[in-house]
Structure formats: structure tokens, C-alpha cells
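**Q** quick one: sequence plus predicted model below, questions after.
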Amino acid sequence: MYNFVFQNTTKVYFGPNQLSHLGEELKQFGKRVLLTYGGGTIKKIGLYDKVMDELKKADLTVFELSGIEPNPRHTTVNKGRDICKKEKIDVLLAVGGGSTIDCTKLIAAATFYDGDSWDLVTHKAPVTKALPVCTILTLAATGSEMNSGAVISNIQTNEKYGLIHPLLQPKVSFLDPTNTYSVSAYQTACGSADILSHVFDVFYFNKAEKMDMVERVMEDVIKTVIKYAPIAIKEPTNYQARANLMWASSWALNGFLQTGGEFHAPCHAMEHELSAFYDITHGLGLAILTPRWMEYILDESNVSQFKKFGINVFGIDPKLPDMEIARKAISSLSDFLFNKLGLKSTLSEVGIDDKNFKIMAHKACRGGVLSGYKPLTEEDVEKIYRMCL
Ligand SMILES: NC(=O)c1ccc[n+]([C@@H]2O[C@H](COP(=O)([O-])OP(=O)(O)OC[C@H]3O[C@@H](n4cnc5c(N)ncnc54)[C@H](O)[C@@H]3O)[C@@H](O)[C@H]2O)c1
């Protein structure tokens, strides 16, 4: 077990009818607000009008950046950065899912850098300062509303990388599960797969000895998603289901599950290549990759963790041989992702062939190996992509 420092400074307002606090929260940072959002969903669901009412009531001056793409582009970050500089923005308000929030976080940092925002993502230039970011979350998936990460794409170079920096941590986030009632069955499934992957990929299947308490919370986050995602898909306005998914998304990746353990994300690195080359939905890519990655890495040295997963999460008979429990656990996960959530199960089904696997594997490993439960070479990564065809 590792020593750790745990600090999460995001103030969270959870539940409906909390937007009356929006004005007072933003005002503490200044009067000039850049409101950022995606393709207009927030207008369709009436959230835009509610937000604007609150901003007007608080007498704030509002500028807007709309059209932030899923898998947000660094060019959009540059646009937002230009608005912030020109209009002397004091605070950013991101209303949307992980893409809008991530893009907004990087705008906040890029405002204090004169070059291309991509330099910050690739660490060519350091993040030195950032404007404060507040968020109103509309999709349970990434945890970006309560963490210091941002994932940005460069479509000119087919690259997608994550940047983690404490200055990117949102100051205040409004989490109202009713804002996710309009999320489609498909996006609910993808978001749920992303939450699960944060637990499996980043924390649960890691070598370092974990604290029991933290590991049990990981399993509870997984069980929460397994219980509530199918309910949210069937009954999109089920508050209990949407609330559980929303809070699970925040806690899967807000730093708590890392306490005492390690942080690796091999499936995320492999998935970022899929979305960088093919612009597919992040959660779908993760869903397709995760069970194949599990099958690929499973061996005698790590079977005990898969066994624990099978028994504690899926209730598999502990008297069975270890390897059988592990394999049943992986097939139970596949059944959940592809049958219960209804996600496509292969890359071929989403129109991806093996043409770019070599270069994707090379980029995913960034000149080395992908660290994790079992370090993966470029050849390993290519084999995993092939297993997904
Ligand atoms: N920062 C992090 O820690 C972190 C972690 C994991 C993933 N990511 C990144 O986040 C991005 C994915 O974010 P996401 O999964 O939240 O999805 P998203 O923000 O890309 O949104 C997906 C789709 O859902 C729609 N949508 C959002 N809210 C809606 C609502 N209330 N009703 C109807 N439709 C709605 C959006 O318009 C969009 O079309 C990827 O780029 C991924 O790599 C970031």
C-alpha cells in the first residue's frame, strides 16, 4: 500500500432545484462568465433557459461558446481561449457531459498560454495558471465534474491525450440527476461502461496491495452501475437510477479509489486511439476492449483478483476452481455490457477494421509499454485490438 495525499476541492450541489445557488457561486470569482456547451441538447431540455435566468438574476455578463464536440478538439479550446482573452473572462461555466467539461478545463488553462493549446496537452508547455471552472453535469460517465483531468483530441494528427493538473479541478459542480433524464439509452450505456472502466482499468485490476475498505467501495461502485444502468435505460426518468449513476460516475474517478493504490489506465490508452482515429464514443470503445483485455491478461499470477471480482460482484460460486470463476466473471461482464446494456460487441460492428492497428498500438504505447496489471507491449496491444474484431 502506498502513502497518499487525498484532497478533492470541488464543492458539489447534488439534486434538483439547486441552481438558485449558481449566481452566488459564480460571483465569488468575478462578473464575466463564459458559458460553454455542446450541440444544443441543453436548449432542448430547457436547461439553457434556467441557467440564463440565474445568470441574469445575479447580474453577470455572459459570453458563450457552443458547439463543443464529443471527443473535444484542441481547435475548439483555442476558440474558447481567444474569447477568454478578448473578453477578460473571470470564470467559466461548463454545461454538459465530459466533453464540454474537459474542453472548458483546458480553455481555462490555455487562457494563460500564448501558443497552441495542444502544447499543454502534450506537455510541451506547462500549465501555470487557470481560470476557475464551474460545471453543470448532464451525463453520468467521466467523473470530470469532480476531478482534475481533461481529455482532448487533435484530429489533424489523430491523437487524443489526457492531461491531469490540480489547476483543472472544478471549483463547484451542480449534479442534478433530472438533467440526465434525456440521455439516450445508447449514451446511458456508454456512460455506464465508462464508469465501470474507471474502476476496473484504473484501480481494481492493479498489482499494488489495496486497502480493503477502498476495494469494497470499488466493488460497490461496480454493483451500483450493474444494478441501475439497465433501470435507467428502461425508465429514463427513474430518479433513483439516475442519481445512483451520477454519484457513481463522480466517485469512480475523483481520486478516492486511488488512495493507497496505483493509477494505470491501459484500456483508456487503447481506447483513446480508437476515438482519435475513428471518433467513436469513448464508453463504447472501452466496453468492446475491456473483456478482451481481461481475457488477454488473465493468468495464474493475477487469477486471485479476477476470482475476487467474480465472487464479490457477480456472486459466482466460490467453490469452483479459481480459473473457472475468473472466466465466468469475464463472461458475466460481457453479458452485462453487450446484452443487458445492448452495446455493440466488436470493432467490426462499428466499422473498424485492422488497417490502423499497428500505428494505433504504437501510439498507445507512446514509445514504451502500457503499464498496468500486466505491462503491454505494442504487439500485445495489437493482439488485443484483433481480439475485438
Ligand atoms: N476528464 C476525465 O476524467 C475523463 C474521464 C473519462 C473520459 N473522458 C473524456 O470525456 C469524453 C466523453 O464524455 P461523456 O462520456 O460525458 O460524453 P459527451 O460529453 O461526449 O457526450 C456524449 C453525447 O451525449 C449528449 N448528451 C450529454 N448530455 C445529454 C443530456 N442530458 N441529454 C441528451 N444528450 C446528452 C452530448 O450532446 C453528446 O452527443 C471523451 O472525450 C472521454 O475521453 C474524460
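**A** That came through fine.
**Q** for the stretch 1-150 of the chain, what spans make up the strands?
**A** Using DSSP state E, counting those that start in this stretch, the strands of the stretch 1-150 of the chain run over residues 11-14, 32-36, 61-65, 91-96, 133-137, 149-154.
**Q** switch the ones you listed over to a markdown table; also include distance to residue 294 and mean pLDDT.
**A** C-beta: built from backbone N, CA, C; applies to glycine. A markdown table is the format used below for the strands of the stretch 1-150 of the chain (distance: least, C-beta to C-beta, whole Å; pLDDT from 0 to 100):
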| stretch | distance to residue 294 | mean pLDDT |
| --- | --- | --- |
| strand 11-14 | 32 | 98 |
| strand 32-36 | 36 | 98 |
| strand 61-65 | 39 | 98 |
| strand 91-96 | 31 | 98 |
| strand 133-137 | 29 | 98 |
| strand 149-154 | 23 | 96 |
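**Q** let me have those in a markdown table, extended by mean neighbour count.
**A** As requested, these are exported to a markdown table (neighbours: other C-beta atoms under 10 Å):
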| stretch | mean neighbour count |
| --- | --- |
| strand 11-14 | 16 |
| strand 32-36 | 23 |
| strand 61-65 | 17 |
| strand 91-96 | 28 |
| strand 133-137 | 28 |
| strand 149-154 | 24 |
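**Q** quick check: which of the ones you listed is nearest to the ligand?
**A** strand 149-154 (3.5 Å; C-beta to the nearest ligand atom).
**Q** quick one: residues in contact with the closest one.
**A** For strand 149-154, the surrounding residues in contact (C-beta atoms under 8 Å, 6 or more residues apart in numbering) are 71-74, 77, 98, 101-103, 105-106, 117-118, 121, 143-144, 159-164, 168, 253, 272, 275-276, 282.
**Q** and that strand, how far out from the chain's middle?
**A** Strand 149-154 sits 11 Å away from the centroid of its parent chain (C-alpha atoms, centre = their mean, to the nearest Å).
**Q** so after that strand, what's the next helix or strand?
**A** Using DSSP states H and E, the helix or strand that follows strand 149-154 in sequence is strand 159-164.
**Q** hmm, who's touching that following strand?
**A** 71, 106, 120-123, 127, 148-154, 268, 272-273, 275-276, 363.
**Q** how would you label the spatially closest residue to residue 190 that is not a sequence neighbour: helix, strand or coil?
**A** Counting by C-beta to C-beta, 6 or more residues apart in numbering, residue 283 is the residue found nearest to residue 190 once chain neighbours are left out, at 3.0 Å. The three-state assignment at residue 283 reads helix, by DSSP: H, G, I helix; E, B strand; the rest coil.
**Q** count the neighbours of the single nearest residue of the stretch 201-350 of the chain relative to the ligand for me.
**A** Taking C-beta to the nearest ligand atom, the ligand has its nearest neighbour within the stretch 201-350 of the chain at residue 282, 3.9 Å off. Counted by other C-beta atoms under 10 Å, the residues lying close to residue 282 total 25.
**Q** now swap in the one 10 residues further on and tell me
**A** The number of residues packed around residue 292, counting by other C-beta under 10 Å, is 23.
**Q** how many neighbours does residue 212 have?
**A** Counted with other C-beta under 10 Å, residues neighbouring residue 212 total 8.
**Q** from residue 258, how far off is it?
**A** 15 Å (C-beta to C-beta, to the nearest Å).
**Q** kindly report the same for residue 103.
**A** Noted for residue 103: a distance of 24 Å to residue 258, by C-beta to C-beta.
**Q** more neighbours, those two?
**A** Neighbour totals were compared for residue 103 and residue 258, and residue 103 leads with 32 against 18 (other C-beta under 10 Å).
**Q** spell out which parts of this protein neighbour the ligand.
**A** In this structure, the chain approaches the ligand at residues 38-39, 41, 45, 70-71, 96-100, 102, 138-139, 141-144, 147, 149-151, 179-180, 182-183, 187, 191, 194, 253, 282-283, judged by C-beta under 6 Å from any ligand atom.
**Q** buried subset of these as a ChimeraX selection?
**A** A single ChimeraX command selects the buried members of the residues of the chain next to the ligand (16 or more other C-beta atoms under 10 Å):
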select :38,41,45,70,71,96,97,98,99,100,102,138,139,141,142,143,144,147,149,150,151,179,180,182,183,187,191,194,253,282,283
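**Q** and the chain, what are its domains?
**A** Domains of the chain are assigned by automatic domain parsing as 11-179, 184-387.
**Q** for residue 173, see how far away the residue of the stretch 201-350 of the chain closest to the ligand is.
**A** 20 Å.
**Q** report how many residues lie close to the residue lying closest to residue 84 once chain neighbours are set aside.
**A** Counting by C-beta to C-beta, 6+ apart, residue 84 lies nearest to residue 111, which is 4.2 Å off, once chain neighbours are set aside. Residues lying near residue 111 (other C-beta under 10 Å) number 22.
**Q** and if you look at the one 3 residues further on?
**A** Using other C-beta under 10 Å, the number of residues around residue 114 comes to 9.
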